[in-house]
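Asks: below are the sequence and a predicted model for it; my questions follow.
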Amino acid sequence: MKIIMLGAPGAGKGTQAKRIADKYSIPHISTGDIFRANIKNGTELGKKAKTYMDQGLLVPDELVVDLVVDRFKEADCANGYVLDGFPRTIPQAEALDTALTAIGESVDYAVNVEVPDSNIVARMSGRRACLNCGATYHLEHIPTKVEGICDVCGSEIVLREDDKPETVLNRLKVYHDQTQPLIDYYTKKGILKEVDGTKDMAEVFDAIIAILEK
Ligand code: AP5
Ligand code: MG
């Protein structure tokens with residue numbers, strides 16, 4: 001099963017992608033997490049990506065596409081995967097289609113987690129992320145057991161640099177300009193599925209599973 005998660009920054013793509021990946025034992029591939037790991041490890045890619053990410057801008061397509069295409073050719077992707085945060089532009093979607101067609105495959109579902117902009121800023125300012133293992137929390141909705149400490153790996157959890165309110169507004173603008181057109185793109189392909197992302201996390205998950213198991 002190959003699934004793309006679509007939605008604005010903070011819509012809950014990562015939260016739901018992790019749960020889907022666990023349920024079906026398939027990898028969760030988050031380009032944002034890959035870039036953050038590269039930043040943490042001080043790689044060349046991380047240095048380049050950081051200059052865009054800190055401003056809420058997209059990393060250029062040429063730095064993203066090969067990274068994902070190489071990743072989904074790995075052995076653990078044989079039964080499918082959940083793509084979270086990719087594709088994010090029409091050229092990325094076209095590059096994905098080209099790469100999949102070349103190996104006789106295609107995406108099964110593009111799930112759009114719909115949340116209005118008005119909810120997003122509040123969600124992001126409450127989010128806390130573990131930069132060590134990628135786990136995410138929310139001060140109100142998913143608190144850690146020990147304040148400020150990741151439940152999974154015991155590292156400190158932080159407010160992501162790009163979750164500061166002024167950067168979130170920029171990310172929303174970039175989303176509407178460059179990523180939202182993918183909704184039309186996948187609607188035309190007949191694989192777009194919509195879920196209401198304002199419901200609580202368990203309800204959103206149930207709605208996604210109902211779609212995948214229909
Ligand atoms: P990325 O890491 O992908 O960030 P994003 O798309 O902006 O999305 P987020 O991770 O912020 O939100 P999410 O939808 O995963 O929400 P989450 O589940 O955490 O990308 C970061 C940057 O990397 C980009 O800005 C760009 O620069 C670069 N980049 C990445 N991919 C790229 C690409 N393909 N091309 C170019 N550049 C790229 O949830 C948010 C919060 O809400 C959490 O605290 C969560 O606990 C809470 N929450 C979730 N669901 C609910 C719910 N139902 N009710 C209440 N709270 C909820
Ligand atoms: Mg995410």
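Replies: Great, that's in hand. Ligands and ions are numbered 1, 2, ... in the order given.
Asks: ok, the nearest residue in space to M1 that is not next to it in sequence - contacts?
Replies: Closest residue to M1 apart from its sequence neighbours, by CB to CB, 6 or more residues apart in numbering: G80 at 4.0 Å. Bear in mind the C-beta positions are built from the backbone N, C-alpha and C, glycine included. Under the criterion of CB atoms under 8 Å, 6 or more residues apart in numbering, the neighbours of G80 are M1, K2, I3, Y24, I26, D108.
Asks: which neighbouring elements make contact with the helix or strand hosting I208?
Replies: Assigned by DSSP states H and E, I208 falls within helix 201-212. Counting contacts by 3 or more CB pairs under 8 Å, 6 or more residues apart in numbering; DSSP states H and E, helix 201-212 is packed against helix 13-24, strand 109-114, strand 192-196.
Asks: and the angle for that helix with strand 109-114?
Replies: If you take axes from the mean of the first three to the mean of the last three CA atoms, to 10 degrees, helix 201-212 sits at 150 degrees to strand 109-114.
Asks: write out the residues of this protein neighbouring ligand 1.
Replies: Proximity of the chain to ligand 1, by CB under 6 Å from any ligand atom, involves residues 7, 9-15, 31-32, 35, 52-53, 56-59, 64, 85-86, 88, 92, 123, 126-127, 136, 138, 141-142, 162, 171, 197, 200-201, 204.
Asks: which of those residues count as buried?
Replies: Buried by 16 or more other CB atoms under 10 Å: 7, 9-15, 31-32, 35, 52-53, 56-59, 64, 85-86, 88, 92, 123, 126-127, 136, 138, 162, 171, 197, 204, out of these.
Asks: so what does the lowest-mean-pLDDT helix or strand in the chain touch, helix or strand wise?
Replies: Least confident helix or strand of the chain, by mean pLDDT, DSSP states H and E, is helix 117-126 with a mean of 89. In terms of contacts (3+ CB pairs under 8 Å, 6+ apart), helix 117-126 is packed against helix 165-174.
Asks: related to what we said a few turns ago, can you pick the most crowded of the contacts of G80?
Replies: I3 (26 neighbours; other CB atoms under 10 Å).
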